[in-house]
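Undergrad: sequence first, then the predicted structure:
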Amino acid sequence: ISVFIASLNLNNIISISIFSSTMDPSDLFAIAFSVVKKAFFLYCASAMILPIPSVWQEHKIWAPKVLPSMSFFAHIKVFVFNVFWMGCTLIGGLLLVPVFILGKLF
């Protein structure tokens, strides 16, 4: 979480809210776009790293001798499925942003 907060550079956001009456609206848009771009990059980067613990968890589940062991291909399938799942949730979330914004406006 601290990496996420540091990468968003919250000092700029706080200074914008304090000095918003003196700032140009295009500056606010540029800073907001920068924050959204960094958050999008962090989500995409985490979508490639966070499935690794789930692969390890699946490996542990299938580890007892009474169950067949997972093959290397099965590990890859678990990883790809988790990356696909996180990508689909990103797309679904992005599709719901306009609905959320329009709901707040009307």
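TA: That came through, no problem.

Undergrad: which strands and helices sit next to the helix or strand containing L102?
TA: L102 is located in helix 72-105, with elements delineated by DSSP states H and E. Using 3 or more Cβ pairs under 8 Å, 6 or more residues apart in numbering; DSSP states H and E as the contact criterion, the secondary-structure elements in contact with helix 72-105 are helix 25-49, helix 51-61. C-beta here means a position set from N, CA and C on the backbone, and glycine is covered the same way.

Undergrad: now do the first one: which elements does it pack against?
TA: Packed against helix 25-49 by the contact rule (3+ Cβ pairs under 8 Å, 6+ apart) you find helix 2-8, helix 10-18, helix 72-105.

Undergrad: for those, which has the smallest mean pLDDT value?
TA: Mean pLDDT across the helices and strands packed on helix 25-49 is lowest at helix 2-8; the value there is a mean of 44.

Undergrad: picking up where we left off before, among the helices and strands packed on helix 72-105, which is nearest K77?
TA: Each of the helices and strands packed on helix 72-105 was checked against K77 via Cβ to Cβ, and the shortest separation belongs to helix 51-61, namely 9.5 Å.

Undergrad: quick one, the closest one and helix 72-105 angle?
TA: Counting by axes from the mean of the first three to the mean of the last three Cα atoms, to 10 degrees, helix 51-61 points 130 degrees away from the direction of helix 72-105.

Undergrad: returning to what we had before: can you point out the buried residues in the helix holding L102?
TA: With burial defined by 16 or more other Cβ atoms under 10 Å, the residues of helix 72-105 counted as buried are V78, F79, N82, M86.
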